[in-house]
Structures are given as structure tokens and as C-alpha cells.
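Peer 1: what follows is a protein structure lacking sequence information:
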Ligand SMILES: Nc1nc2c(ncn2[C@@H]2O[C@H](COP(=O)(O)OP(=O)(O)OP(=O)(O)O)[C@@H](O)[C@H]2O)c(=O)[nH]1
Ligand SMILES: [Mg+2]
């Protein structure tokens with residue numbers, strides 16, 4: 001499954017002009033019909049024999065949802081357990097309860113502004129006498145958090161090239177999981193029948209290039225790289241030329257998270273973005289920021305900086321298997337209004353999940369087995 005990107009990769013049959021065509025997600029079908037899709041499907045010959053059959057209809061993996069639920073919902077430090085402990089035995093909603101709730105929400109990585117917004121919603125309902133039972137507070141928080149997540153998941157407009165590859169530029173500070181996420185995302189594209197080229201734009205460390213090459217071998221996709229320490233923009237320029245000439249469906253570009261020179265990272269990323277655009281005017285079609293969910297409020301600050309520099313269009317939140325504080329996701333959605341495309345919940349190739357607001361909130365608030373059963377294949 002490759003929900004959002006699959007939708008984006010559906011191109012119009014007959015473009016109205018020779019220019020790039022703007023396609024609004026709202027007008028696109030929920031499920032891509034491979035028989036009518038006009039996505040170029042020519043695969044490089046050497047890759048074609050090793051690609052698995054398209055697996056669009058593959059059943060959702062209950063184990064992944066369960067792992068998310070185990071980490072967020074069932075953990076004693078998770079939001080719902082802490083809420084239950086706070087609300088236990090309370091007979092009325094008063095200021096003392098709101099004060100304790102405020103502390104709980106902030107320490108669950110929801111951040112001050114998002115926590116305040118949640119509390120204000122609850123207070124309004126108390127004032128309007130729609131809310132008097134402390135236990136019902138949980139439902140109010142559930143609904144409001146879901147609203148934040150759905151809000152940032154809004155349909156986004158995207159300009160796709162009439163022909164040529166869909167280009168994703170991946171950015172983020174060092175160690176957040178960029179290269180690993182690229183491998184996982186590329187594997188999803190390959191599974192759904194797209195040809196993928198990876199470009200090793202993190203040229204500052206030889207190990208970074210090798211890491212991408214290993215992912216390329218593991219998932220049988222080509223990796224374009226230059227020699228270590230070469231100029232990332234020139235490697236990326238050559239990679240784009242190669243990707244366009246060989247008619248790849250998707251190009252994913254890895255970038256550095258920290259530079260070992262005096263060059264400012266944000267300036268380098270701006271330059272890289274311009275260079276990508278020189279090869280294909282509408283590219284990059286997605287600037288994906290990878291954030292480590294275990295870094296809490298830091299992730300929000302990073303997102304602001306990257307967004308200011310290169311205009312982030314989508315997020316991947318990694319390492320959700322390493323935190324019981326799912327609040328960070330609601331915080332990011334509320335603060336940044338940038339859609340979360342994927343969540344990473346492990347280091348393996350299939351440990352990346354399309355972000356689904358309902359499923360996420362379900363995992364966050366359900367302590368019991370319920371919710372996972374519907375995902376059993
Ligand atoms: N538990 C867990 N680990 C992850 C996840 N995603 C990535 N990692 C691990 O995080 C570490 C850093 O990942 P990388 O992909 O190398 O991160 P990067 O952003 O490319 O780092 P730099 O290239 O140094 O900028 C690796 O050990 C990954 O296996 C995840 O969702 N869960
Ligand atoms: Mg890397």
C-alpha cells in the first residue's frame with residue numbers, strides 16, 4: 001500500500017497542455033486502477049526480472065498496528081494510561097483537574113500550544129454544560145486530537161510533470177532515519193510496480209553512500225552516486241539526468257543531515273533544490289522532512305527551520321517504536337499543518353506505515369485488544 005503517493009502518481013490521460021498539469025488530490029480516485037493509470041511503467045531491463053508482482057491489495061499488517069498500539073496505547077507511560085490514572089475516582093471537573101491535565105499533556109510531548117488548545121476546547125464544553133463527567137474528558141481529547149491529525153492530512157495540490165519521474169527530495173538532521181526511510185519508501189514503490197532510482201546526495205561521508213547502496217541491493221533498485229566528498233549538487237544533477245533519460249517513475253534523493261565543511265546545511269539544501277528544478281521544472285514534487293519522534297519538541301523546531309529554508313511538503317515520523325509519547329504526532333500536525341505521509345516503527349524494510357489519523361488515534365487511546373482485530377488479514 002502506498003496511499004498518498006499512489007494517489008499522486010495517477011496522471012491525467014490527456015493533459016490539456018504541454019505544460020505540467022496541476023492535479024488536485026480531491027479529484028483523484030481513492031484507489032489507483034493499474035489498468036488505466038498513465039504512469040510510465042517502463043522498467044530498466046536489469047531490474048525488471050527481480051521486481052515482485054504489484055502487491056497493492058496486500059492485507060494490512062496487524063502486527064504493525066499492534067506494535068504501535070502496544071507502544072502507545074498499552075504502555076503504562078502512554079497517554080491513555082496516564083489519563084486513566086488522572087481521572088480515576090474523580091467526581092467533578094474543576095480547575096485542579098485542568099491543571100493536572102495540562103501538565104500531563106505537555107509531558108506527553110503535545111507541547112504547550114497544542115495542550116492549551118485541547119484544554120480550551122474542553123473548558124468551553126464545560127462552560128456550555130456539555131461536559132460534566134471527568135471520564136468524558138477522554139473522549140473530548142480523543143476527538144480533538146483526531147481533528148488536528150485530520151486537519152493536516154488535508155488534500156494537497158501537487159504539480160506533476162506531464163512525463164518523467166516523480167521526484168522526492170528527502171531532508172532532515174543527522175540520524176533521524178532519512179536513509180532508512182528512503183529504503184523503505186523505495187521498497188513500497190517497487191512493490192506497487194514503479195521503477196525507482198536512488199541518488200546518494202549525502203556525499204560528505206563515504207559510509208552514507210555505502211548505506212544507500214546496501215539498501216539499493218537489498219530492495220533491487222539502482223543507486224546513483226559520485227565519489228565521496230564530491231559536490232552533492234553535481235552528483236544530484238547527474239543523477240537527475242540519468243533518471244530522466246532512463247525513464248524512471250520515481251527518483252528519491254538522499255541528502256546530508258550535517259555538513260563536515262563550513263557550508264551551511266540550509267544553503268546547501270536550497271542549492272540542491274534549485275539544481276533538481278533545473279532538470280525538471282516541477283521537481284522536486286515532494287520535499288520530505290524526516291523527523292525522529294523520540295526527540296519531542298526538538299522535532300517541531302527542526303521542522304520550522306527546514307520549512308523556512310526549502311518548503312517542506314510532507315513528513316515522515318520515524319522511531320515511533322521508541323517512544324510511548326504519541327503526543328508528538330498531534331503536536332506536529334497542530335503546529336505545522338504539514339501532512340504526515342509515513343510513520344516508521346522499526347528498522348526493517350516493511351516497518352514503515354502509511355499514516356492514517358484514525359488508526360493512529362485508535363492506537364493512542366485503546367488500551368485493550370480492540371481495534372487490531374479489524375486489521376487481521
Ligand atoms: N527503532 C527505529 N530505528 C530507526 C527507524 N528509522 C531509522 N532507524 C534507525 O536510526 C538510525 C539512523 O538512521 P539513518 O537512516 O542512518 O539516519 P539518517 O537520517 O540517514 O542519518 P545521517 O545519514 O547520519 O544524516 C539507524 O540505526 C536506523 O536503523 C525507526 O522507525 N525505528
Ligand atoms: Mg543518511
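Peer 2: Done, it's in. The structure displayed is predicted, hence computed values, not measured ones. Ligands and ions are numbered 1, 2, ... in the order given.

Peer 1: and residue 218, how many neighbours?
Peer 2: 12 (other C-beta atoms under 10 Å). Backbone N, C-alpha and C define where each C-beta goes, glycine included.

Peer 1: same question for the one 4 residues further on.
Peer 2: Neighbour count of residue 222, defined by other C-beta under 10 Å: 18.

Peer 1: tell me where the protein has helices.
Peer 2: Taking DSSP state H as the criterion, the chain carries its helices at 3-8, 62-72, 79-87, 95-105, 112-127, 136-152, 178-191, 206-219, 232-245, 265-279, 297-310, 327-336, 357-365.

Peer 1: how about low-confidence regions in this protein?
Peer 2: 1-65, 73-75, 154-162, 259-263, 367-377 (pLDDT under 70).

Peer 1: mind listing what's buried along stretch 175-185?
Peer 2: Across stretch 175-185, burial judged by 16 or more other C-beta atoms under 10 Å covers 176, 177, 178, 179, 180, 181, 182, 183, 184, 185.

Peer 1: out of the helices of the chain, the one nearest residue 166 is which?
Peer 2: Closest approach to residue 166 among the helices of the chain is made by helix 3-8 (7.1 Å; C-beta to C-beta).

Peer 1: one step back: for residue 344, find the nearest of the helices of the chain.
Peer 2: Among the helices of the chain, the nearest to residue 344 by C-beta to C-beta is helix 178-191 (6.0 Å).

Peer 1: any idea how far ligand 1 is from the residue in the stretch 251-377 of the chain positioned nearest to ligand 2?
Peer 2: Nearest residue of the stretch 251-377 of the chain to ligand 2, counting by C-beta to the ion: residue 254, 5.9 Å away. Computed as C-beta to the nearest ligand atom, to the nearest Å, the residue 254 to ligand 1 distance reads 7 Å.

Peer 1: also residue 81?
Peer 2: 22 Å.

Peer 1: what sits against the closest residue to residue 108 other than its chain neighbours?
Peer 2: Setting aside the residues directly before and after it, residue 108 is nearest to residue 327 in space (C-beta to C-beta, 6 or more residues apart in numbering), at 3.8 Å. Residues in contact with residue 327 (C-beta atoms under 8 Å, 6 or more residues apart in numbering) are 79, 105, 108, 109, 110, 111, 114.

Peer 1: ok, of the residues you listed, which one's closest to ligand 2?
Peer 2: For these, the minimum distance to ligand 2 (C-beta to the ion) is 24.3 Å, reached by residue 109.

Peer 1: ok, and what's touching stretch 218-227?
Peer 2: The contact list for stretch 218-227 (C-beta under 8 Å, 6+ apart) reads 44, 47, 50-51, 183, 186-187, 190, 195-200, 203, 209, 212-213, 215-216, 234-235, 238-239, 242-243, 349.

Peer 1: perfect, I'm done here.
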